[in-house]
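>>> Here's my sequence, what's the structure:
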Amino acid sequence: MLEVKRKTDPQHARPAPGAISAALADFVANTKDADIPVAIRGRALHHILDAVGIGFAVSRFDYAKKAVAGLGTIAGKGDVPVLGFPLAWAPRDAATINGLLCHGLDFDDTHLAGVIHPTVAQFPAVLSSAVMTGASVRQMLTAYVLGVEAAVRIASVAKGGFHRVGFHPTGVCNAPAAGLSAGRLLGASEAELRHAQGIALSMASGTLEFLEDGAWTKRLHPGWAASSGIAAAAMAKAGYVGASSPYSGRYGLYRAYIGDDSGCDYSLATAGLGPQWELLNTAIKPYPVCHLTHGCIDAAIAIAARHELKPAEIASVEALVADGIVPVVCEPIANKRRPKNSYDAQFSIPFLVASALIKGKVTIAEIDTSRLDDAEILGLAAKVTYRTDPRSGYPKHYSGEVIVTTTDGRRLSERQQINTGAPELPVSDAEIVRKFEGNAATALKPAQIEPLKALILSADSDRPARDWAAELGSFH
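Sure thing, here's the model as predicted:
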């Protein structure tokens, strides 16, 4: 019966061998700068601005300094700046660390249906590749947009399947997409771009084991994908042969990583290429925590604003979450109620809902290590339970509902069907700028913020990317 469904249902039918990689290669190789609408290019600059601001904010954290110190012992000297540090490394090394920096706070953009962070891999990949090849910043921006479009479609096929088996699509799906975006800048042909995807298949990686103990490893995933894509593109350009059917093959991306691909919609890999820009469906985060928690945070903040409850007045809290995200943000419940470190806290519904109810907000301060021993927050987190939400919009929306029962018997509930930042409730360009300014201010002098903003938002010209990157590297 399953095979019959695959043959008759176009969503589940596997495409012809190599069809997806060929379509993506054609799209990336033949889309001209002018084919990307001005509005899309402008929004793309704001997504890059968002990522750069986060990168600078992350540069002051201990894990970032240790990553730079460790990779610095093996990194080659070069012309690609390391965000927030007085360093310039070789292209692949710089892409690795810049991806880590832009992703470190888990504050970066997310394509909701793909459950993937695209900018934090695609921007480091094209920044390094544009400097390496002497491209202009306009060419760099075009390659970035095309890489994002490829990455989110590759991830969307799985319909949340990567998370269910413990893989992180940001690391897995950005690798072949970075092969495309880097390959575009390296001047790869369509055939070479097909090979780049096939090569990157053997480099794609990133597991969710960090959820067990708050390990720092997830932060590495987008940078590793970016550097893998650069390597794959360079090897393909030199004639190295990659797998011919990297997506739908017998051991292609979905069957190898997910196992049972019957839930995959292969048509999403190429749906709307060209006229439909998925960048617009890529959400900017209002909170520096796992995007899957945002609906419940929205709901808890709304309850806090309306009722101004004291923790002692709350008898219990119930959070409604999508079934598919329970292992990521709700379990094991004992660990989630008492996170061991800030990364643990960023993936904890109990801790974040409790913080939102007490503080009325969730910012970098709320997940700082110094807050993890807050007796009020931990006391309330111990009262937070969860159940699956039959009305959840996941993965299209990261819905959430919070129900508070007070000690005097009141039942206060708030539902956020569409999370703030989703395409239907977007964060505006002006709000992105304010977010950037706040993040950048944690690492830079006030006089540096406006020039840095102007530099990023002007990156759609004939200016050599090497010169632009050198100016970017002067900020630290």
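
>>> which residues touch the most centrally placed residue in the chain?
In the chain, the centroid-proximal residue (C-alpha atoms, centre = their mean) is residue 117; its distance is 1.5 Å. By C-beta atoms under 8 Å, 6 or more residues apart in numbering, residue 117 lies in contact with 103, 108-111, 170, 222. For glycine as for every other residue, the C-beta is placed from the backbone atoms N, C-alpha and C.

>>> which element is the residue nearest to it when sequence neighbours are not counted on?
Leaving aside its sequence neighbours, residue 117 sits nearest to residue 170 (C-beta to C-beta, 6 or more residues apart in numbering; 4.5 Å). Assigned by DSSP states H and E, residue 170 belongs to helix 169-186.

>>> Please pull up the helix or strand immediately following that helix.
Following helix 169-186 toward the C-terminus (DSSP H and E): helix 190-200.

>>> Return the set of buried residues in that next one.
Within helix 190-200, the residues that qualify as buried are 190, 192-200, counting by 16 or more other C-beta atoms under 10 Å.

>>> Now flag whichever of those is closest to residue 438.
Nearest to residue 438 among the buried residues of helix 190-200, counting by C-beta to C-beta, is residue 200 at 34.9 Å.

>>> Most remote residue from the middle of the protein, which is it?
Max radial position in the chain (C-alpha atoms, centre = their mean) goes to residue 408, at 42.1 Å.

>>> Show the contacting residues for the closest residue in space to it that isn't next to it in sequence.
Using C-beta to C-beta, 6+ apart and skipping residues adjacent in sequence, the residue nearest residue 408 is residue 313, 7.5 Å away. Each residue near residue 313 by C-beta under 8 Å, 6+ apart is listed here: 406-408.

>>> Out of these, which is nearest to residue 28?
Looking across the contacts of residue 313 and measuring by C-beta to C-beta, the closest to residue 28 is residue 406, at 55.5 Å.

>>> my guess is that closest one meets residue 312, correct?
No. Judged on C-beta atoms under 8 Å, residue 406 makes no contact with residue 312 at a distance of 10.0 Å.

>>> Strands of this structure, residue ranges please.
77-81, 88-89, 110-111, 282-283, 314-321, 384-388, 400-406, 411-416 (DSSP state E).

>>> Of all these, which one comes closest to residue 330?
Minimum separation from residue 330 across the strands of the chain (C-beta to C-beta) falls at strand 384-388, 4.7 Å.

>>> for the record, mean pLDDT for that closest one?
The average pLDDT for strand 384-388 rounds to 97.

>>> Show me what counts as buried in that strand.
Buried residues in strand 384-388 (16+ other C-beta under 10 Å): 384, 386.

>>> Give me the packing partners of that strand, helices and strands only.
When contacts are defined as 3 or more C-beta pairs under 8 Å, 6 or more residues apart in numbering; DSSP states H and E, strand 384-388 sits against strand 314-321, helix 333-337, helix 349-359.

>>> Return the most buried member of the ones you listed.
Counting by mean count of other C-beta atoms under 10 Å, helix 349-359 has the highest mean neighbour count of the helices and strands packed on strand 384-388, with a mean of 27.

>>> what's the angle from it to strand 384-388?
Interaxial angle, helix 349-359 versus strand 384-388 (axes from the mean of the first three to the mean of the last three C-alpha atoms, to 10 degrees): 120 degrees.

>>> one step back: quick one: work out the angle between the helix holding residue 170 and helix 190-200.
Using the same axes, to 10 degrees: helix 169-186 against helix 190-200 is 150 degrees.

>>> Okay, buried residues for helix 169-186 please.
Using 16+ other C-beta under 10 Å as the test for burial, helix 169-186 gives 169-186.

>>> Poorly predicted segments of the stretch 151-300 of the chain, please.
Along the stretch 151-300 of the chain, no part satisfies pLDDT under 70.

>>> For it, which segments are assigned as helices?
Under the criterion DSSP state H, counting those that start in this stretch, helices of the stretch 151-300 of the chain are mapped to 161-164, 169-186, 190-200, 221-237, 253-257, 294-307.

>>> Of all those helices, which one comes closest to residue 151?
helix 169-186 (3.6 Å).

>>> What would that closest one look like as PDB? C-alpha coordinates only.
Extracted in PDB, the C-alpha atoms of helix 169-186 (Å, rounded to 0.1, in the frame of the first residue of the first chain):
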ATOM      1  CA  PRO A 169      18.400  20.600   9.800                       C
ATOM      2  CA  THR A 170      20.400  23.800  10.100                       C
ATOM      3  CA  GLY A 171      23.600  21.700   9.900                       C
ATOM      4  CA  VAL A 172      22.300  19.000   7.600                       C
ATOM      5  CA  CYS A 173      20.400  21.000   4.900                       C
ATOM      6  CA  ASN A 174      22.600  24.100   4.800                       C
ATOM      7  CA  ALA A 175      25.600  22.100   3.600                       C
ATOM      8  CA  PRO A 176      24.400  21.300   0.100                       C
ATOM      9  CA  ALA A 177      22.800  24.700  -0.100                       C
ATOM     10  CA  ALA A 178      26.100  26.400   0.800                       C
ATOM     11  CA  GLY A 179      27.600  24.300  -1.900                       C
ATOM     12  CA  LEU A 180      25.300  26.000  -4.300                       C
ATOM     13  CA  SER A 181      25.800  29.600  -2.900                       C
ATOM     14  CA  ALA A 182      29.500  29.200  -2.700                       C
ATOM     15  CA  GLY A 183      29.600  27.500  -6.100                       C
ATOM     16  CA  ARG A 184      27.700  30.500  -7.600                       C
ATOM     17  CA  LEU A 185      30.500  32.800  -6.500                       C
ATOM     18  CA  LEU A 186      33.200  30.400  -7.700                       C
END
